[in-house]
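In: sequence plus predicted model, see below.
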Amino acid sequence: MPVIYIPQGLSTPLSLIGTFCVNGTYHTKYVLGQLQQLKNLSNPQSAAQVLGSPVAPNYTLDLQNTDAAGQVAATYAVPATHVQNVLQHVGFNNIPFDHSIGVLGVFLNMFCPTDNLHLGELLGYYRQREWRLIAGDIRINSRPMGRELSDAEKQRLATVDSIFWNRQLDVDGKSVPRKDLAFIYDPVPGWNPFDLIESIHAPSSALTRIKQIVGNKVPVHKV
């Protein structure tokens, strides 16, 4: 998928529209995640799977809201059947919540920030033609498009570029190494990425390294 470039707000409130849309998409995805969680907990069969034990007939959901400090701001005791009925009404003839979560995850993975000083020339991103492999939360025939790395694969990444892959990133209030956020792109069983690449064009300084990786599977040309 082509990357969507989002300015980070340079001078006027109008330049913040892109950032506002990205933040709105992120929070909409979070809300849908809460609805999916309620859907799972209000159904006796899925609730038993989530909790690891059967639930009582006519059980009640004890819901809580917590503030930024982690303190409980409000509590609600709601019969599970009431929650289930409301969510069945909301979901009637709509795509499932988890599918919507996956779609929004794909869109979020398509966004790319712009106007960083390290990128060089101001507005230079307009001349880029960047495409990205999208994993996200979407599934094809119930199969996730990406999977988390094993410990051995994370170690291998660190040997490729330890500074890049071991760098700590702040995500949802937690500091996490970049290698722990990476996914293996594996959309369909037995897929071969070289079947999708017609040719590679690169500067002469990179040709030797690229040919070591791809061998004779893909034509490599100097730009």
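Out: In hand now; what should we look at? Numbers count the residues shown, from 1 in each chain.
In: going by C-alpha atoms from here, please, whenever you check contacts or count neighbours.
Out: Noted.
In: where do the helices sit along this structure?
Out: Under the criterion DSSP state H, the chain contains helices at 17-42, 44-51, 80-90, 97-110, 151-160, 162-165, 204-214.
In: okay, the ones you listed, which one's buried deepest?
Out: Comparing the helices of the chain by mean neighbour count (mean count of other Cα atoms under 10 Å), helix 97-110 comes out on top with a mean of 18.
In: tell me the mean pLDDT over that one?
Out: With pLDDT averaged residue by residue, helix 97-110 scores 86.
In: next: stretch 56-69.
Out: 90.
In: just stretch 2-17 next, same as before
Out: 72.
In: what's the least confident stretch among the helices of the chain?
Out: helix 97-110 (a mean of 86).
In: just give me how far stretch 45-60 sits from the chain centre.
Out: Averaged C-alpha coordinates place stretch 45-60 at 29 Å from its chain's average position (Cα atoms, centre = their mean, to the nearest Å).
In: what about Gly105, distance to Arg156?
Out: Distance of Gly105 to Arg156, computed by Cα to Cα, to the nearest Å: 27 Å.
In: kindly apply the preceding question to Gly146 instead.
Out: Plainly put, Gly146 is 18 Å away from Arg156 if you go by Cα to Cα.
In: likewise Ser150?
Out: Ser150 is 10 Å from Arg156, where distance means Cα to Cα.
In: dump the helices of the chain to CSV, plus distance to Ile6.
Out: As requested, those are exported to CSV (distance: least, Cα to Cα, whole Å):
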stretch, distance to Ile6
helix 17-42, 5
helix 44-51, 38
helix 80-90, 32
helix 97-110, 10
helix 151-160, 28
helix 162-165, 23
helix 204-214, 29
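In: out of those helices, flag the one nearest Ile184.
Out: helix 151-160 (9.4 Å; Cα to Cα).
In: His99 touches Ile138, doesn't it?
Out: Yes. His99 is in contact with Ile138 according to Cα atoms under 8 Å; the separation is 6.6 Å.
In: one step back: right, and the helices of the chain - which one's nearest His221?
Out: That would be helix 204-214 among the helices of the chain, by Cα to Cα, at 7.7 Å.
In: the closest one packs against which elements?
Out: Judged by 3 or more Cα pairs under 8 Å, 6 or more residues apart in numbering; DSSP states H and E, the packing partners of helix 204-214 are strand 220-222.
In: how about the strand it packs on, which residues are buried there?
Out: By neighbour count on 16 or more other Cα atoms under 10 Å, the buried set for strand 220-222 is Val220.
In: note down every partner strand of it and its orientation.
Out: Paired strands of strand 220-222, with direction, are strand 200-202 (parallel) (DSSP bridges).
In: from the middle of its chain, how far away would the partner strand be?
Out: Centre-to-centre, strand 200-202 and its host chain are 28 Å apart (Cα atoms, centre = their mean).
In: next: stretch 195-202.
Out: How far stretch 195-202 lies from its chain's middle: 26 Å, per Cα atoms, centre = their mean.
In: need the distance between the two termini of it.
Out: By Cα to Cα, one end of stretch 195-202 lies 19 Å from the other end.
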